[in-house]
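Asker: no letters, just coordinates:
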């Protein structure tokens, strides 16, 4: 169950450890994984962040996350 202890995309991004574009790699990894969680949970996003990402796009999500840095 290593997945549960690994830090999520959002946590790493807010810490400045990865670039925003890494979200694509995380999304792809989730698609190939067997973890029983939604993509939102896998990335560590809340509902507002997920909605912005899905309905508006990457820039909207990045803007929301950048406000939390």
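Answerer: That came in fine, so what should we check first? Please read these numbers as outputs of a predicted model, since none were measured by experiment. Numbers count the residues shown, from 1 in each chain.

Asker: helices and strands around the helix or strand where residue 30 lies, which ones?
Answerer: Per DSSP states H and E: residue 30 is located in helix 23-32. In terms of contacts (3 or more CB pairs under 8 Å, 6 or more residues apart in numbering; DSSP states H and E), helix 23-32 is packed against helix 9-14, helix 39-43. Every residue, glycine included, has its C-beta placed from N, CA and C.

Asker: what sits up against that helix?
Answerer: Outside helix 23-32, the residues that touch it by CB atoms under 8 Å, 6 or more residues apart in numbering are 9, 13, 39, 42, 43, 58, 61.

Asker: same question for stretch 57-69.
Answerer: By CB under 8 Å, 6+ apart, stretch 57-69 touches 10, 13, 14, 16, 20, 23, 45, 48, 49, 52, 53.

Asker: the last one touches residue 39, doesn't it?
Answerer: Going back to what we said before, that points to residue 53. No. With contact defined as CB atoms under 8 Å, residue 53 does not reach residue 39; the gap is 9.5 Å.

Asker: okay, the two: which has more neighbours?
Answerer: Under the criterion of other CB atoms under 10 Å, the comparison of residue 53 against residue 39 puts residue 53 first, with 22 against 14.

Asker: what sits closest to that one if chain neighbours are left out?
Answerer: Of all residues beyond its chain neighbours, the one nearest residue 53 is residue 61 (3.9 Å), with distances taken as CB to CB, 6 or more residues apart in numbering.
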